[in-house]
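Student: What follows is a predicted structure for the sequence shown.
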Amino acid sequence: MAPIASQGIRSGDAEIAYWSLGEGAPVVLLHPFPADHEVWMPVAQALAVRYRVVLPDLRGHGESGVGDGPATMEKHAADIVRVMDVAGIGRAPLAGVSIGGYVLFEFWRRYRGRVAALIFCNTKAPADSAEARAGRLQAANDVLERGTEPFLESMIPRLLGKTTRETRPDLVDGALRMMRRMSADDVAQVQRGMAARADSLETLKTINVPTLLITGNEDILTGVSEAELMRQNISGSQLRVIPKAGHYSPWEQPEEAARIVRQFLDAV
């Protein structure tokens with residue numbers, strides 16, 4: 001396996017960091033909020049035996065800058081196409097967890113010629129309800145006033161499954177370590193960007209590339225019902241449920257996630 005190489009590029013008004021490992025056909029993996037590329041690293045190392053795995057930090061996460069104003073899905077999608085251009089990737093399968101999935105809906109609307117296949121993990125197609133949108137905007141204001149720690153601590157029981165929280169303190173600590181790389185401004189602008197995202201229910205019907213849907217059976221944020229809604233609306237899509245995993249399923253159960261993703265990519 002080739003060593004992990006990190007690179008920084010300019011995309012619009014932000015510096016975007018990404019990592020690359022392995023050689024072979026490319027695949028791009030997008031992480032969830034409020035974390036970074038490290039969520040995918042155990043899975044990426046398993047895939048890198050056969051694939052070239054590219055792992056961006058979305059703007060406002062990890063080592064990537066947030067830029068000016070809300071980190072909208074349009075900005076994220078433009079960042080990913082810029083990473084692909086610089087990395088010399090024409091067309092590839094793309095996977096996204098949570099916000100990574102929201103970015104992929106926008107990416108599909110704008111750059112579908114660059115998409116060979118899609119993997120949606122622990123995500124959902126509908127836009128935020130008025131209540132959820134208000135909650136995000138309130139959380140954005142709160143972190144700017146009080147700092148990120150109360151917010152991040154409150155997210156752990158929502159993001160990580162019951163099994164992980166009870167049996168894997170190392171994964172809980174690792175998730176918090178990733179989250180703490182985000183500043184209050186990062187968290188606020190990413191939340192505002194998610195609050196403004198478009199509804200993607202109609203987009204589902206336009207997806208005509210091989211598509212895999214993954215969720216965790218302990219995911220209380222998106223879960224099986226949201227994945228099933230996507231399966232019903234994306235022609236020919238497959239759904240896999242990872243046991244003992246919450247919203248961060250590739251981080252919580254990397255061996256099972258790697259097996260499922262590898263099986264899908266090999267078939268594509």
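Tutor: All right, it came through fine.
Student: What are the boundaries of the helices in the stretch 51-200 of the chain?
Tutor: In the stretch 51-200 of the chain, the helices defined using DSSP state H, counting those that start in this stretch lie at 73-86, 99-111, 130-146, 149-159, 162-167, 169-179, 184-195.
Student: Mind listing what's buried along the shortest one?
Tutor: So that's helix 162-167. 163, 164, 165 (16 or more other CB atoms under 10 Å). C-beta: built from backbone N, CA, C; applies to glycine.
Student: just to revisit the earlier point, may I see the helices of the stretch 51-200 of the chain organised as a markdown table, with mean pLDDT added?
Tutor: Converted to a markdown table, the helices of the stretch 51-200 of the chain look like this (pLDDT from 0 to 100):
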| stretch | mean pLDDT |
| --- | --- |
| helix 73-86 | 98 |
| helix 99-111 | 98 |
| helix 130-146 | 96 |
| helix 149-159 | 96 |
| helix 162-167 | 98 |
| helix 169-179 | 98 |
| helix 184-195 | 98 |
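Student: looking at those helices, which is closest to residue 210?
Tutor: helix 99-111 (13.0 Å; CB to CB).
Student: now that closest one and helix 73-86, what's the angle there?
Tutor: 80 degrees (axes from the mean of the first three to the mean of the last three CA atoms, to 10 degrees).
Student: Helix 99-111 packs against which elements?
Tutor: strand 25-30, helix 73-86, strand 92-97, strand 115-121, helix 184-195, helix 201-204 (3 or more CB pairs under 8 Å, 6 or more residues apart in numbering; DSSP states H and E).
Student: Parallel or antiparallel, list what pairs with the third one.
Tutor: With DSSP bridges as the test, strand 92-97 is paired with strand 25-30 (parallel), strand 115-121 (parallel).
Student: Can you list the neighbours in contact with the last one?
Tutor: Contacting residues not belonging to strand 115-121 are listed as 91-98, 100-101, 104, 107-108, 207, 209-215, 227, 230, 249-250, 257, 261, 264-265, 268 [CB atoms under 8 Å, 6 or more residues apart in numbering].
Student: cool, the shortest one as well?
Tutor: Contacts with strand 25-30, where a contact means CB under 8 Å, 6+ apart, come from 37, 40, 43-44, 47, 50-56, 58, 80, 83-84, 87, 89, 92-97, 99-101, 103-104, 265.
Student: Quick check: buried residues in it?
Tutor: Buried residues in strand 25-30, defined by neighbour count with 16+ other CB under 10 Å: 26, 27, 28, 29, 30.
Student: now these as TSV including pLDDT and distance to residue 170?
Tutor: Listed next are the buried residues of strand 25-30 as TSV, based on pLDDT from 0 to 100; distance: CB to CB, whole Å:
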residue	pLDDT	distance to residue 170
26	98	30
27	98	26
28	98	27
29	98	21
30	98	24
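Student: Quick check: the farthest pair among these?
Tutor: The widest separation within these (CB to CB) is 13.6 Å, between 26 and 30.
Student: Enumerate every residue touching residue 236.
Tutor: Neighbouring residues of residue 236 by CB under 8 Å, 6+ apart: 210, 211.
Student: From residue 209, how far out is it?
Tutor: Distance of residue 236 to residue 209, given as CB to CB, to the nearest Å: 9 Å.
Student: next one: residue 77
Tutor: Residue 77 is 16 Å from residue 209, by CB to CB.
Student: same question, residue 129
Tutor: 29 Å.
Student: next one: residue 38
Tutor: 27 Å.
Student: Is residue 63 in contact with residue 17, as I believe?
Tutor: Yes: counting by CB atoms under 8 Å, residue 17 is a contact partner of residue 63 at 3.8 Å.
Student: who's more crowded, those two?
Tutor: More crowded of residue 63 and residue 17, by other CB atoms under 10 Å: residue 17, with 21 against 15.
Student: Wasn't the more buried one part of a strand?
Tutor: Yes: assessed by DSSP: H, G, I helix; E, B strand; the rest coil, residue 17 belongs to a strand.
Student: Is it bridged to anything, and to what?
Tutor: Residue 17 has these beta-bridge partners by DSSP bridges: residue 8.
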